[in-house]
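Q: fold the following, please.
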Amino acid sequence: MDAGTSELSASALVPTTEVAPKIYGVVAEFDNSDALLAAARLAREAGYTKMDAFTPMPIEGLSEVLNFRDKFVPTLMLLGGLTGCTAGYFMQYFAAVHSYPINVGGKPFHSWPQQIVITFEMTILFAALTGVIGMFLLNGLPRPYHSIFNTPNFEAASVDRFFLAIESRDPKFNREDTRQFMQGLGAARVSEVEE
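A: Below you'll find the predicted structure:
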(Lines give C-alpha, C1' and ligand atoms only; values in the text may rest on other atoms or scores of the structure.)
Protein backbone atom coordinates (compact mmCIF):
# COMPACT_ATOMS: atom_id res chain seq x y z
CA MET A 1 0.00 0.00 0.00
CA ASP A 2 1.55 3.31 -0.99
CA ALA A 3 1.35 6.67 0.87
CA GLY A 4 -1.28 8.13 -1.47
CA THR A 5 -3.69 5.24 -0.84
CA SER A 6 -3.32 5.44 2.97
CA GLU A 7 -4.11 9.17 2.96
CA LEU A 8 -7.19 8.57 0.84
CA SER A 9 -8.55 5.80 3.07
CA ALA A 10 -7.89 7.85 6.25
CA SER A 11 -9.79 10.85 4.89
CA ALA A 12 -12.69 8.62 3.87
CA LEU A 13 -13.12 7.46 7.48
CA VAL A 14 -13.47 10.98 8.90
CA PRO A 15 -17.02 12.24 8.54
CA THR A 16 -17.30 15.72 7.10
CA THR A 17 -20.17 17.67 8.54
CA GLU A 18 -20.63 21.35 8.18
CA VAL A 19 -21.60 23.12 11.37
CA ALA A 20 -24.35 25.66 10.92
CA PRO A 21 -23.31 29.08 12.21
CA LYS A 22 -24.72 29.92 15.60
CA ILE A 23 -27.03 32.90 15.38
CA TYR A 24 -27.53 35.72 17.86
CA GLY A 25 -31.14 36.17 16.83
CA VAL A 26 -33.52 37.70 14.33
CA VAL A 27 -33.46 41.48 13.96
CA ALA A 28 -36.15 43.66 12.39
CA GLU A 29 -35.48 47.20 11.18
CA PHE A 30 -38.22 49.83 11.39
CA ASP A 31 -38.64 53.31 9.96
CA ASN A 32 -40.07 55.02 13.05
CA SER A 33 -40.47 54.68 16.80
CA ASP A 34 -44.22 54.00 16.71
CA ALA A 35 -43.73 50.96 14.48
CA LEU A 36 -40.98 49.67 16.77
CA LEU A 37 -43.09 50.12 19.90
CA ALA A 38 -46.07 48.37 18.28
CA ALA A 39 -43.84 45.50 17.11
CA ALA A 40 -42.32 45.11 20.58
CA ARG A 41 -45.82 44.93 22.10
CA LEU A 42 -46.90 42.30 19.60
CA ALA A 43 -43.74 40.27 20.22
CA ARG A 44 -44.34 40.43 23.99
CA GLU A 45 -47.97 39.33 23.50
CA ALA A 46 -46.76 36.47 21.29
CA GLY A 47 -44.69 35.18 24.22
CA TYR A 48 -41.16 36.34 23.37
CA THR A 49 -39.22 37.39 26.46
CA LYS A 50 -35.56 37.76 25.39
CA MET A 51 -35.78 40.88 23.26
CA ASP A 52 -33.81 44.07 22.93
CA ALA A 53 -34.37 47.32 21.05
CA PHE A 54 -31.83 49.73 19.59
CA THR A 55 -32.92 53.30 18.88
CA PRO A 56 -31.29 56.68 18.27
CA MET A 57 -33.35 58.24 21.09
CA PRO A 58 -35.32 57.18 24.17
CA ILE A 59 -38.83 55.94 23.44
CA GLU A 60 -41.43 56.34 26.15
CA GLY A 61 -42.91 53.02 27.22
CA LEU A 62 -40.37 50.83 25.40
CA SER A 63 -38.52 49.73 28.53
CA GLU A 64 -41.80 48.57 30.09
CA VAL A 65 -42.72 46.60 26.98
CA LEU A 66 -39.28 44.97 26.91
CA ASN A 67 -39.66 44.23 30.64
CA PHE A 68 -36.44 46.05 31.47
CA ARG A 69 -36.02 46.54 35.19
CA ASP A 70 -32.92 48.02 36.74
CA LYS A 71 -32.66 45.98 39.93
CA PHE A 72 -29.01 46.12 40.87
CA VAL A 73 -27.77 49.69 40.38
CA PRO A 74 -30.06 51.23 43.06
CA THR A 75 -28.99 48.56 45.55
CA LEU A 76 -25.33 49.12 44.70
CA MET A 77 -25.78 52.88 45.12
CA LEU A 78 -27.40 52.39 48.54
CA LEU A 79 -24.50 50.18 49.65
CA GLY A 80 -22.00 52.67 48.24
CA GLY A 81 -23.74 55.55 50.03
CA LEU A 82 -23.73 53.68 53.34
CA THR A 83 -20.05 52.89 52.88
CA GLY A 84 -19.30 56.55 52.15
CA CYS A 85 -21.35 57.69 55.15
CA THR A 86 -19.50 55.32 57.48
CA ALA A 87 -16.08 56.09 55.99
CA GLY A 88 -16.65 59.86 56.15
CA TYR A 89 -17.83 59.81 59.75
CA PHE A 90 -15.09 57.55 61.08
CA MET A 91 -12.40 59.35 59.11
CA GLN A 92 -13.31 62.53 60.98
CA TYR A 93 -13.73 60.70 64.28
CA PHE A 94 -10.25 59.17 64.18
CA ALA A 95 -8.70 62.46 63.08
CA ALA A 96 -10.42 64.47 65.85
CA VAL A 97 -10.13 61.94 68.71
CA HIS A 98 -7.04 59.84 68.03
CA SER A 99 -4.72 61.36 65.41
CA TYR A 100 -4.88 65.09 66.17
CA PRO A 101 -7.07 65.93 69.18
CA ILE A 102 -7.48 69.68 69.74
CA ASN A 103 -9.36 71.19 72.66
CA VAL A 104 -11.32 74.11 71.24
CA GLY A 105 -13.14 76.11 73.92
CA GLY A 106 -13.64 73.07 76.15
CA LYS A 107 -15.72 71.17 73.57
CA PRO A 108 -15.39 67.38 73.52
CA PHE A 109 -13.04 65.85 70.96
CA HIS A 110 -15.92 63.89 69.44
CA SER A 111 -18.68 66.34 68.53
CA TRP A 112 -21.01 64.78 65.96
CA PRO A 113 -22.72 67.98 64.69
CA GLN A 114 -19.47 69.24 63.19
CA GLN A 115 -19.06 66.00 61.26
CA ILE A 116 -22.43 66.09 59.46
CA VAL A 117 -21.31 68.05 56.38
CA ILE A 118 -18.36 65.83 55.45
CA THR A 119 -20.38 62.70 56.25
CA PHE A 120 -23.15 63.86 53.90
CA GLU A 121 -20.67 64.76 51.13
CA MET A 122 -18.92 61.38 51.38
CA THR A 123 -22.30 59.63 51.21
CA ILE A 124 -23.18 61.44 47.97
CA LEU A 125 -19.70 60.92 46.48
CA PHE A 126 -19.58 57.18 47.16
CA ALA A 127 -23.17 56.62 45.99
CA ALA A 128 -22.56 58.48 42.72
CA LEU A 129 -19.26 56.75 41.97
CA THR A 130 -20.73 53.34 42.82
CA GLY A 131 -23.69 54.06 40.53
CA VAL A 132 -21.51 55.01 37.56
CA ILE A 133 -19.02 52.18 38.00
CA GLY A 134 -21.81 49.66 38.71
CA MET A 135 -23.73 50.75 35.62
CA PHE A 136 -20.66 50.25 33.43
CA LEU A 137 -19.86 46.84 34.91
CA LEU A 138 -23.46 45.54 34.84
CA ASN A 139 -23.88 46.68 31.23
CA GLY A 140 -20.66 44.91 30.28
CA LEU A 141 -19.02 48.13 29.14
CA PRO A 142 -16.75 48.90 27.49
CA ARG A 143 -17.77 46.39 24.85
CA PRO A 144 -15.82 46.78 21.62
CA TYR A 145 -17.77 43.95 19.92
CA HIS A 146 -21.32 42.65 20.13
CA SER A 147 -23.12 40.28 17.77
CA ILE A 148 -25.77 42.91 17.01
CA PHE A 149 -23.07 44.88 15.14
CA ASN A 150 -23.31 42.23 12.37
CA THR A 151 -26.84 43.42 11.51
CA PRO A 152 -27.05 45.00 8.05
CA ASN A 153 -27.44 48.81 8.25
CA PHE A 154 -27.02 48.74 12.05
CA GLU A 155 -24.89 51.90 12.00
CA ALA A 156 -28.15 53.78 11.31
CA ALA A 157 -29.40 52.81 14.81
CA SER A 158 -27.64 55.89 16.12
CA VAL A 159 -29.08 58.14 13.40
CA ASP A 160 -32.63 57.44 12.24
CA ARG A 161 -33.45 53.69 12.25
CA PHE A 162 -35.08 51.50 14.90
CA PHE A 163 -34.20 47.85 15.51
CA LEU A 164 -35.93 45.08 17.44
CA ALA A 165 -33.96 41.90 18.16
CA ILE A 166 -35.39 38.60 19.37
CA GLU A 167 -32.49 36.60 20.73
CA SER A 168 -31.90 32.93 20.01
CA ARG A 169 -31.74 32.20 23.76
CA ASP A 170 -35.46 32.96 24.03
CA PRO A 171 -37.37 29.79 25.00
CA LYS A 172 -39.90 30.35 22.21
CA PHE A 173 -37.26 31.06 19.56
CA ASN A 174 -37.49 29.02 16.38
CA ARG A 175 -35.42 30.28 13.48
CA GLU A 176 -38.10 30.05 10.78
CA ASP A 177 -41.13 30.85 12.92
CA THR A 178 -39.46 33.88 14.50
CA ARG A 179 -38.33 35.16 11.11
CA GLN A 180 -41.87 34.83 9.69
CA PHE A 181 -43.30 36.51 12.79
CA MET A 182 -40.90 39.46 12.44
CA GLN A 183 -41.70 39.82 8.73
CA GLY A 184 -45.37 40.02 9.64
CA LEU A 185 -44.73 43.05 11.86
CA GLY A 186 -44.22 45.39 8.91
CA ALA A 187 -40.45 45.74 9.25
CA ALA A 188 -38.46 47.38 6.48
CA ARG A 189 -35.90 44.57 6.72
CA VAL A 190 -35.57 41.33 8.72
CA SER A 191 -32.14 39.77 9.19
CA GLU A 192 -30.73 36.72 10.89
CA VAL A 193 -27.64 37.81 12.78
CA GLU A 194 -24.77 35.43 13.44
CA GLU A 195 -22.76 35.50 16.63
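Q: residues near Ser158, how many?
A: Neighbours of Ser158 under the rule other CB atoms under 10 Å: 11. No exception for glycine: its C-beta is placed from N, CA and C like everyone else's.
Q: check it and give its pLDDT.
A: pLDDT for Ser158: 90.
Q: now Ser158: how far from Thr55?
A: 9 Å (CB to CB, to the nearest Å).
Q: surely Leu36 and Gly61 touch.
A: No - using CB atoms under 8 Å, Leu36 makes no contact with Gly61, being 10.8 Å away.
Q: surely Gly80 is in a helix?
A: Yes - assignment of Gly80 by DSSP: H, G, I helix; E, B strand; the rest coil places it within a helix.
Q: okay, Leu36 and Gly61: which has more neighbours?
A: Neighbours were counted for Leu36 and for Gly61 using other CB under 10 Å; Leu36 has more, 25 against 11.
Q: in a strand, the more buried one, correct?
A: No - counting by three-state DSSP, one finds Leu36 to be helix, located in no strand.
Q: spit out the contact partners of it.
A: Neighbouring residues of Leu36 by CB atoms under 8 Å, 6 or more residues apart in numbering: 30, 53, 55, 59, 62, 162-164.
Q: what do you get if the cut-off is 6 Å, keeping everything else the same?
A: Applying CB atoms under 6 Å, 6 or more residues apart in numbering, we find Leu36 in contact with 30, 162, 164.
Q: tell me how the protein divides into domains.
A: With domains defined by automatic domain parsing, the chain comprises 23-70+145-194, 77-138.
Q: where's the spatially most central residue of the chain relative to Asp170, distance?
A: Nearest to the geometric centre of the chain sits Asn139, at 3.3 Å (CA atoms, centre = their mean). According to CB to CB, Asn139 and Asp170 sit 20 Å apart.
Q: again with Gln92
A: Taking CB to CB, one finds Gln92 at 52 Å from Asp170.
Q: which of those two has more neighbours?
A: Between Gln92 and Asp170, Gln92 has the larger neighbour count (other CB under 10 Å), namely 20 against 17.
Q: might one say that the more buried one is in contact with Pro113?
A: No - the criterion here is CB atoms under 6 Å, and Gln92 misses it with Pro113 at 11.5 Å.
Q: quick one: which helix or strand includes the nearest residue to Asn103 once chain neighbours are set aside?
A: Using CB to CB, 6 or more residues apart in numbering and skipping the chain neighbours, the partner closest in space to Asn103 is Phe109 (7.6 Å). Using DSSP states H and E, Phe109 sits in no helix or strand.
Q: where's the strand ranked longest in the chain relative to the chain centroid, distance-wise?
A: Counting residues, the longest strand found in the chain (DSSP state E) is strand 23-30. In terms of CA atoms, centre = their mean, to the nearest Å, the centre of strand 23-30 is found 17 Å from the chain centre.
Q: just checking: what are the partner strands of that strand?
A: In the sheet, strand 23-30 lines up against strand 162-167 (antiparallel), strand 189-194 (antiparallel) (DSSP bridges).
Q: give me the pLDDT for Thr75.
A: pLDDT recorded at Thr75 is 95.
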